[in-house]
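Engineer: Using only what follows, build the 3D model:
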Amino acid sequence: MTDSDNWTPWSVDNGSLAAVPTYSVPSELRALGAAIGKVANDNGKNAITRERAIELFSYDPDTGLLTWRATKGKVKAGSFAGAIQANGYLRVQVDGLFYASHRLIWLMVYGEWPSNDIDHINGIRDDNRLANLREATRSQNLMNTRVRSDSSTGVKGVRVKRGRYQARIKVNGKEISVGTYDTLGEAADARRSAEEKIHGMFARAS
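Structural biologist: Predicted coordinates:
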């Protein structure tokens with residue numbers, strides 16, 4: 001996922017601050033935002049420990065819900081922890097820093113921060129059930145994306161070109177043609193076959 005040059009890109013995975021036009025944000029605030037994201041998500045010396053996370057939160061792997069263990073101020077014990085962001089991911093604030101909920105959950109369950117992205121297998125970014133989370137490289141994470149909302153065909157990787165249907169797929173950041181077909185069904189089948197062959201378990205045809 002890449003935003004235009006006039007926007008601050010957000011991570012596919014890390015639940016960082018929602019994108020805003022860079023020209024509308026003072027450089028000091030942009031730097032502060034970047035610093036917060038780095039400390040919270042790069043496992044720096046100020047990042048939360050597993051022990052601290054378990055002290056503060058309860059996690060249900062079957063529902064994916066992260067809840068507060070104790071009442072603190074207006075926050076009640078057992079209440080939902082976190083808020084959904086503009087990019088669809090859940091994020092929680094701890095000790096003044098923001099963390100993507102799925103990464104915090106990974107730390108709590110496995111005892112260490114993920115070294116790569118965390119991919120939501122079903123593509124639903126706020127579904128943090130343990131069975132729906134897997135570690136993935138950035139490239140693998142990008143493979144598991146849904147069809148674009150502005151797609152002319154409604155089929156991922158298939159577009160109309162000169163009255164026919166062209167199937168395409170990205171491999172290592174480069175777009176490769178899978179072929180041009182007379183019908184949408186033929187193009188969709190070819191695209192799906194290529195997706196499964198190239199992307200394997202990270203394939204998402206729609």
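Engineer: Name the next helix or strand downstream of the least confident helix or strand in the chain by mean pLDDT, please.
Structural biologist: Lowest mean confidence among the helices and strands of the chain (mean pLDDT, DSSP states H and E): helix 27-41, at a mean of 43. Next along the chain after helix 27-41, taking DSSP states H and E as the criterion, comes helix 50-56.
Engineer: what is the mean pLDDT for the following helix or strand past that next one?
Structural biologist: Downstream of helix 50-56, the first helix or strand assigned by DSSP H and E is strand 57-59. Computed over strand 57-59, the mean pLDDT rounds to 97.
Engineer: who does strand 57-59 touch, helix- and strand-wise?
Structural biologist: Counting contacts by 3 or more C-beta pairs under 8 Å, 6 or more residues apart in numbering; DSSP states H and E, strand 57-59 packs against strand 66-68, helix 101-110. Backbone N, C-alpha and C define where each C-beta goes, glycine included.
Engineer: could you pull out the strands for this structure?
Structural biologist: 57-59, 66-68, 83-84, 90-94, 97-100, 117-120, 133-136, 158-161, 164-171, 174-181 (DSSP state E).
Engineer: who wins for proximity to Met108 among those strands?
Structural biologist: Taking C-beta to C-beta, strand 57-59 is the member of those nearest to Met108, at 5.6 Å.
Engineer: That closest one pairs with which strands?
Structural biologist: Strand 57-59 sits in its sheet next to strand 66-68 (antiparallel), going by DSSP bridges.
Engineer: Residues in contact with the strand it pairs with: which ones?
Structural biologist: Residues from elsewhere that reach strand 66-68 (C-beta atoms under 8 Å, 6 or more residues apart in numbering): 56-60, 75-82, 90, 92, 101, 104-105, 128.
Engineer: Now, of these, which are buried?
Structural biologist: The neighbour-count test (16 or more other C-beta atoms under 10 Å) marks Leu56, Phe57, Tyr59, Ala81, Gly82, Leu90, Val92, Ser101, Leu104, Ile105, Asn128 as buried among the contacts of strand 66-68.
Engineer: Right, I'll call it a day here.
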